[in-house]
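S.K.: got a predicted structure here, sequence first:
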Amino acid sequence: MAGEEPYAFWPLFSLVVRTPRLELRLLREDDCAALVELIDGGIHDPGMMPFWVPWTEVEPRQRAREAAQWMWRHRANWSADNWTLTSGVFVDGRLVGVQDLEAEYFRAVRSVGTGSWLGLAHQGQGIGREMREAILHLAFAGLGAQEALSGAFEDNVSSLATSRAVGYEENGEARNRRRDGSGRTIRFRLGRDRWEQRRRSDIEILGLEECLDMFLSPPG
C-alpha cells in the first residue's frame, strides 16, 4: 500500500464530524495519553456512579490499560452487523470527552444507540449537548437512521437534561446494574421526524463516503 495515506486500510480514521464548537473523530493511539489524563482528572463526583460498569473506580494504572483495551476492542470487533464508533470530542484541538455511536444490523433496523462522557473541567458549558447533536447528525443525515436511543440513571441530571434538550422523548424505564446493586434508568427515543424538526445546518461530515460500507452490511 505504498504511496497511500496512513491508515488508508481503516477509513474510519478519516471520518470527522465538525460543528462550530467542536470536532468528533475516531480515537487513535496518539490520543491515549490525553485520554488517560482526562479520565484521571475526573468524570463525575465520587458520590455518584453514572455508568453501569464502575470503570472509573478502579486504580489508575488498571484504568489506563482498560481505557486502551476499550478503544482497541471496538476496532477489533467491528463488523457491518455490529459496530461501535468511539469518537474523541475535541475543542480547539484538545480532547475533552468521548462520544459513542453503536448499532446492530443497522441496514435492516436503522436504529442507533448513543453513549458519552465529558471531563469534569469541561462540563456545564454546553459541550455535552453539542457533541450529542453532532453524533445525531452523523446518524440521521449521514447514515440514514430512523431512530436514536439513549438512557441514563434517574439521578444523572445532566445526561437526562441533554437528552430532553435535543428532542428525545421518554420511552420507558428499566433496572440496570449499578456498583453491587441496581438502579432505575430512564429510556429515551428520538425519531427521525422529530430530529428533522430540529435539524441543524451548521454541522459538517467529512470522509463518510470512504467508510460507508463499514456501517452498512450488504443486503441479502
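M.R.: Thanks, I have it.
S.K.: what residue lies at the spatial centre of the protein?
M.R.: Nearest residue to the geometric centre of the chain (C-alpha atoms, centre = their mean): D100, 1.7 Å.
S.K.: host element of that one?
M.R.: Assigned by DSSP states H and E, D100 belongs to strand 94-104.
S.K.: list the contacts of that strand.
M.R.: The set of residues external to strand 94-104 that reach it, using C-beta atoms under 8 Å, 6 or more residues apart in numbering, is 22, 24, 27, 31, 34-35, 38, 81-90, 109, 111-119, 121-122, 127-128, 131-132, 134-135, 138-139, 215. C-beta here means a position set from N, CA and C on the backbone, and glycine is covered the same way.
S.K.: list the contacts of the closest residue to G144 other than its chain neighbours.
M.R.: Excluding the flanking residues, the one nearest G144 by C-beta to C-beta, 6 or more residues apart in numbering is R110, at 6.6 Å. R110 makes contact with G144, A145, Q146, E147, according to C-beta under 8 Å, 6+ apart.
S.K.: looking at those, which one is closest to N176?
M.R.: Distances from N176 to the contacts of R110, taken as C-beta to C-beta, are shortest for E147 (20.3 Å).
S.K.: quick one: list the elements packing against the top helix by length along the chain.
M.R.: Identified as the longest helix of the chain according to DSSP state H is helix 60-76. Counting contacts by 3 or more C-beta pairs under 8 Å, 6 or more residues apart in numbering; DSSP states H and E, helix 60-76 is packed against helix 32-40, strand 82-91.
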